[in-house]
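[1] Here is a sequence together with a model predicted from it:
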Amino acid sequence: MLRPDGFGESFVAEKPGAPSKPPKSKLTEAVELVTESQIWGSVMRHGYPADGRTRSLAILSNVFLHLHPAKMRKSGLRMRYTWCMGGLSFFLFLSLTVTGLLLMFYYRPTAEYAFSDIVYLREDIPLGIMRELHRWGAHAMVITVWLHMMRVFLTGSYKPPREFNWGVGVILLVLTLLLSFTGYLLPWDQLAIWAITVGTNMARATPLVGYEGPLAQMLKIGDIQLVHAGADARYFLTVGRLIGEQTLLRFYVLHCVGIPLAATVLMAIHFWRVRKDGGISGPM
Amino acid sequence: MPHFVAEFANYLKLFANFLTTPWLFVTLAIVLFFASLKYYRVWTRPRPAGAIALACVLLFLVSVTDHNFRKIVTQPDNVPIMAMLYIVGFFYWLSLRQAAINDERIEAGKGPREQDETNDRVHVWPDLVYIEFIAAILATVVLTVWSILLKAPLEQPASLTRTPNPSKAPWYFLGLQEMLVYFDPWLAGVVLPTLIIVGLVAIPYIDRNPKGAGYYTLKERPFAIGGFLFGFLVLWVLLVFNGTILRGPNWNFFGPFEEWDVHKLVPLTNVNLSEVVFIQWLGTGLPKEWYIREMPGILLVIGYLVVLPPILARTLFKSMYPRMGFLRYHVMIMLLLIEFSMLIKMYLRWTVNLKYVIAIPEYFFNI
């Protein structure tokens, strides 16, 4: 099945003695000149994906696309079945990575500069919508990840053999929330600092390792408390008794490097397991 | 606006504010949720569903004319939350609609719709790749337009000396912050989130029903779907809505059309179970030792978490227990009981002002 314009024909070996073809147009010649060159051939390892073989090769020989299988069940294509939420979550993650990277050029995670850098981003950068793209993208990702979980549950897609991948998905959901949570502090405005205060205050009530948590008082040697306001779970999160510059730095590093790295590794496992467990779920 | 229309609108708003009284609002939501599951084949049909959708949109448009409601929903961070409510509603309909169609087909012996295409293998290039491509473009367009139209919020510079009232956690944690009203932080902020995560991971190992894998259905797994959606829609999404729209200054409840009055007085006369038992019922005053004082509460909690599961195994879950086995059943029942305990505690607070079932401040141990 070749395209009528002859594009891709160049990869079909000419048999000697075959009946002569009508003369080629200038355009076809130009296209052939490009597609038959050594450069083109070194990049594109197969002809135009027009038949089963080349279509499979299009997936298999591309490092990004080979995340997919070459073939899949048709029921898995339906938007009404998948809601596209897993794919959208991944796309949003990618777009957040890109916009986040651009934001890092303008942002310094210190108490002195953080807020004014955000004001600069907001007021002075022409056509600047990177912060908006990043914030709304993050909110959207939280929603798409929730909906993805809902869809996977309602279609029973966690059932054998996909139990493990459901668990990986749950951890990814948690990481998504943590990414959003750590990013919440970075604008260093009232909204940020108090939301994070409310959030991190929880940690001081952790059983055993939070200084206001149950049983923490029992951890002592003689009269010396092991868990106190200066050494407990909350202190570990915020690096201080109050949210401060050290907290900002810690959250910044977690937000930009730590959690995305963990999420990337888990996503690799997640996508790989989708394939190994038989692709997008469907009835047996 | 003519006078009587304004008057009428005012009464409607007062009525709406009354409907969002916590106990009434949550009760209505629970009733509505279970009714929507029971009658899923009726209301998900295009006409009734369209009417409901139209009503929801109109409700929003009418509500937005109110000054107080508009002030809340036009907060930049609240816009996605309002959108989420409608999006979640849409997908709730979409899934139940497909479940209704599939369940009718299964009853007729035809198998779910997905069955027809499941053995049909198509090439990922181009069938899937172009869908992904278009989805990515649409997402980019939506995100860009949204970003141009709506500025990201930025308030005054961070200051630990000025506490905003109310101080809210990021919106997706508002359900947990709501739980803080009813439980101590070690439960609401640490144990409950941990249990949610553990519980979610445990789902595939608890639910051993082989039916309903790879297609939408409700009839073949009503218990699993009901339990999950109850947690997601009522205990998570609804509480996010609560925390966003209804919680105002001093963490008091406000109706959606009520002015956020910082000086609103809500009498807090919360009592612990030990006070009810020893002071109100026995009239002896609180015992000195905490383990005697809290004995009623401790017995109650042990009864709920230890005695109740075996009883339920012989009654309500009689048919399920032998299928699941000891370990699976007990993990499931423990998670369900704790999920349910949130509701119990909420209702106890709203009705009899109960603060703690067990209160041992000596060890920061309050339930």
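    Looks like it came in fine. Note that the coordinates shown come from a computational prediction; the quantities given were computed from them, not determined experimentally.
[2] hmm, who's touching stretch B:243-260?
    B:13-14, B:16-18, B:20-22, B:25, B:63, B:66, B:68-69, B:71-73, B:78, B:81, B:165-166, B:168-169, B:171, B:174-175, B:177-178, B:181, B:261-262, B:264, B:266 (CB atoms under 8 Å, 6 or more residues apart in numbering or on different chains). Quick note: C-beta positions are derived from backbone N, CA and C, even for glycine.
[3] Weed out the non-buried ones from those residues.
    Buried subset of the contacts of stretch B:243-260 (neighbour count, 16 or more other CB atoms under 10 Å in any protein chain shown): B:13, B:16-17, B:20, B:22, B:25, B:63, B:66, B:68-69, B:72-73, B:78, B:81, B:166, B:168-169, B:171, B:174-175, B:177-178.
[4] Tell me the confidence at whichever residue of chain A sits closest to chain B?
    As assessed by CB to the nearest CB, chain B sits closest to A:M202 within chain A, at 2.8 Å. Note on A:M202: pLDDT of 83.
[5] Skip the chain neighbours and tell me the closest residue to it.
    For A:M202, ignoring the flanking residues on the chain, the nearest one in space by CB to CB, 6 or more residues apart in numbering or on different chains is B:G189 at 2.8 Å.
[6] what does A:S180 give?
    Per CB to CB, 6+ apart, closest to A:S180 is A:A138, 5.1 Å.
[7] Next: B:I87.
    A:I143 (6.6 Å).
[8] what's the answer for B:I203, then?
    A:Y158 (6.1 Å).
[9] Report how many residues lie close to residue 213.
    As the question left the chain open, I've gone with chain A. Residues near A:G213, counting by other CB atoms under 10 Å in any protein chain shown, number 28.
[10] hm, I was asking about chain B
    Look at B:A213: counted by other CB under 10 Å, it has 20 neighbours.
[11] Give me the nearest residue to whichever residue of the stretch 251-367 of chain B sits closest to chain A, chain neighbours excluded.
    Here the residue of the stretch 251-367 of chain B nearest chain A is B:F365; by CB to the nearest CB that distance is 4.1 Å. What sits nearest to B:F365 in space, not counting adjacent residues and going by CB to CB, 6+ apart, is A:P214, at 4.1 Å.
[12] Now do the one you found: how many residues are near it, please.
    22.
[13] A:P69 and B:V124 touch, don't they?
    Yes: under the criterion of CB atoms under 8 Å, A:P69 makes contact with B:V124 at 6.3 Å.
[14] Now do the shared contacts for these two.
    A:I59.
[15] With neighbour numbers in mind, choose between those two.
    B:V124 (25 against 19).
[16] show me what contacts the spatially closest residue to that one that is not a sequence neighbour?
    Of all residues not flanking B:V124 in the chain, A:H68 sits nearest, at 4.5 Å (CB to CB, 6+ apart). Taking CB under 8 Å, 6+ apart, we find A:H68 in contact with A:I59, A:R275, B:V124, B:L128, B:V129.
[17] For the last one, pull up the helix or strand it's in.
    Yep, that's B:V129 we're talking about. Using DSSP states H and E, B:V129 sits in helix B:124-149.
[18] Same question for the first one.
    A:I59 is located in helix A:52-60, with elements delineated by DSSP H and E.
[19] buried set for that helix?
    A:T54, A:R55, A:S56, A:L57, A:A58, A:I59, A:L60.
[20] Over to stretch B:149-169?
    B:L150, B:A152, B:L154, B:P157, B:A158, B:P166, B:S167, B:K168, B:A169.
[21] re the thing from before, near chain A, from the buried ones among the contacts of stretch B:243-260?
    Applying CB under 8 Å from any CB of the partner chain, the subset of the buried ones among the contacts of stretch B:243-260 adjacent to chain A comprises B:K168, B:A169, B:W171, B:Q177.
[22] where in chain B is pLDDT low?
    For chain B, the stretches with pLDDT under 70 are B:1.
[23] Over in it, which residue gets nearest chain A? Let me know.
    Taking CB to the nearest CB, chain B has B:G189 as its residue nearest chain A, at 2.8 Å.
[24] How many residues are close by that residue?
    28.
[25] Touching, it and B:E178? I think so.
    No: B:G189 sits out of contact with B:E178 when judged by CB under 8 Å, with a separation of 11.6 Å.
[26] Just the contacts of stretch B:243-260: which are in helices?
    Members of those lying in helices (criterion: DSSP state H): B:13-14, B:16-18, B:22, B:25, B:63, B:68-69, B:71-73, B:78, B:81, B:174-175, B:177-178, B:181.
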